[in-house]
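> fold the following for me, if possible:
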Amino acid sequence: MIGNQAQKLEELVASSAQKRSKKTRFIAITSGKGGVGKSTISSNLAYVLAQSGLNVGIFDADIGLANLDVMFNVKIKKNILHVLKGEATVSEILIPITRNLILIPGESGDEILKYSDMALFERFMEEAKVLDKLDVMIIDTGAGIGEHIQMFLNAADDVIVVTVPDPAAITDAYATIKTVATLRDDIGVIMNQVKNQKEAEAVFGKIKKVASANIGGDLDLQLIGKINSDIKVSSAVKQRALFSVSYPNSQAYKDITNIANNIAKKLEHNVLVTPNESGLTGLFKRLMEHF
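Residues are numbered from 1 along each chain as shown. Below you'll find the predicted structure:
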């Protein structure tokens, strides 16, 4: 049933519109365990990218512990599952955060793909075109290596694993990298809550050494950036605010900006592509392909 549904969905998306001038880059941000600052990084990264002039969507795929509403200090009434059930439109669930930034309240992948009503899917895909102009979609996944999380990781252009310099967190991050490596060769890492660049590189170096020895193959593990341990970050979280907004002069803000710049460089290649690679329609096409 799912295979047939995926084929119909792919045909629907492929025939949905003429070519557009840009493609949405899907960036999945994940972690081996909770509590390492994954959602804090996702939300602040989305904000900084949007402030640079890019059209950004952030998709909350961590439904078990959904907290992007807390990060952005907004209230979520309905999510994407309500759209698929026919209980809301795409436009009704979208939450504008700031200029160029939209929050897309999600639902776990296995729940999303339980709905096989093609009539509802057709309507959904048509409505989802409002997001086809997104340059970037940040997908804030759940922690760990569950099946539906892997589905999002497989669908993304980039996968970034967030960890902190704590032995347990590093072990879990390595386990995540090992699993992701069965899906793709290129994986990014963000070192959070470090003392400085030196510590970030040292801890990353250990992870890369172990990964190279045990995973091997063509694994391309890259340090995307680091964020210094800063009381201002936890202070902003407690205030239900982004540290990028509350503390624009902090080292953490400089760090997240450097990460955003590294990611923005990859967007220069996203030109002249078909609409099935854009926005929410593009994401769902990929999810169906990997289900």
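
> find the nearest non-adjacent residue to residue 54, please.
residue 135 (4.3 Å; Cβ to Cβ, 6 or more residues apart in numbering). Where C-beta positions appear, they are placed from N, C-alpha and C, glycine not excepted.

> which one's the longest helix in the protein?
When the chain is parsed with DSSP state H, its longest helix is helix 197-214.

> who touches that helix?
With Cβ atoms under 8 Å, 6 or more residues apart in numbering as the test, helix 197-214 has contacts from 163, 165, 170, 173-174, 177-178, 181, 189, 191, 194, 219, 221, 223, 226.

> tell me which helix or strand residue 50 sits in.
Using DSSP states H and E, residue 50 maps to helix 38-51.

> gap between that helix and the chain center?
Mean-position distance between helix 38-51 and its chain equals 10 Å (Cα atoms, centre = their mean, to the nearest Å).

> whatever helix or strand comes next after it vs helix 38-51, what angle?
Downstream of helix 38-51, the first helix or strand assigned by DSSP H and E is strand 56-61. Relative orientation of strand 56-61 versus helix 38-51 (axes from the mean of the first three to the mean of the last three Cα atoms, to 10 degrees): 160 degrees.

> packing partners for strand 56-61?
For strand 56-61, the packing partners by 3 or more Cβ pairs under 8 Å, 6 or more residues apart in numbering; DSSP states H and E come out as helix 38-51, helix 68-72, strand 101-105, strand 136-143, helix 279-289.

> for the fourth one, list the C-alpha coordinates in CSV.
If I follow you right, that is strand 136-143. Extracted in CSV, the C-alpha atoms of strand 136-143 (Å, rounded to 0.1, in the frame of the first residue of the first chain):
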residue,chain,number,x,y,z
VAL,A,136,16.4,26.2,3.7
MET,A,137,14.3,23.8,5.9
ILE,A,138,15.8,22.9,9.2
ILE,A,139,14.4,19.6,10.5
ASP,A,140,14.7,19.3,14.3
THR,A,141,14.6,15.6,14.8
GLY,A,142,14.2,13.6,17.9
ALA,A,143,17.3,12.3,19.8
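
> just checking: what are the partner strands of it?
Sheet pairing of strand 136-143 (DSSP bridges) gives strand 25-31 (parallel), strand 56-61 (parallel).

> pLDDT weak spots in the stretch 151-291 of the chain?
For the stretch 151-291 of the chain, applying pLDDT under 70 flags the ranges 268-277, 288-291.

> if we can go back for a sec, inside helices: which ones of the contacts of helix 197-214?
Short answer: the contacts of helix 197-214 in helices (DSSP H) are 170, 173-174, 177-178.

> among those, which one is most surrounded by other residues?
residue 173 (26 neighbours; other Cβ atoms under 10 Å).

> for that residue, which non-adjacent residue is spatially closest?
Spatial nearest neighbour of residue 173, excluding adjacent residues (Cβ to Cβ, 6+ apart): residue 163 at 3.6 Å.

> doesn't residue 82 make contact with residue 88?
Yes: using Cβ atoms under 8 Å, residue 88 is in contact with residue 82, at 4.1 Å.

> list the contacts for the most centrally placed residue in the chain?
Of all residues in the chain, the one closest to the mean position by Cα atoms, centre = their mean is residue 139, 2.0 Å from it. Contacts here follow Cβ under 8 Å, 6+ apart; on that basis residue 139 touches 26-29, 58-59, 61, 152, 156, 283.
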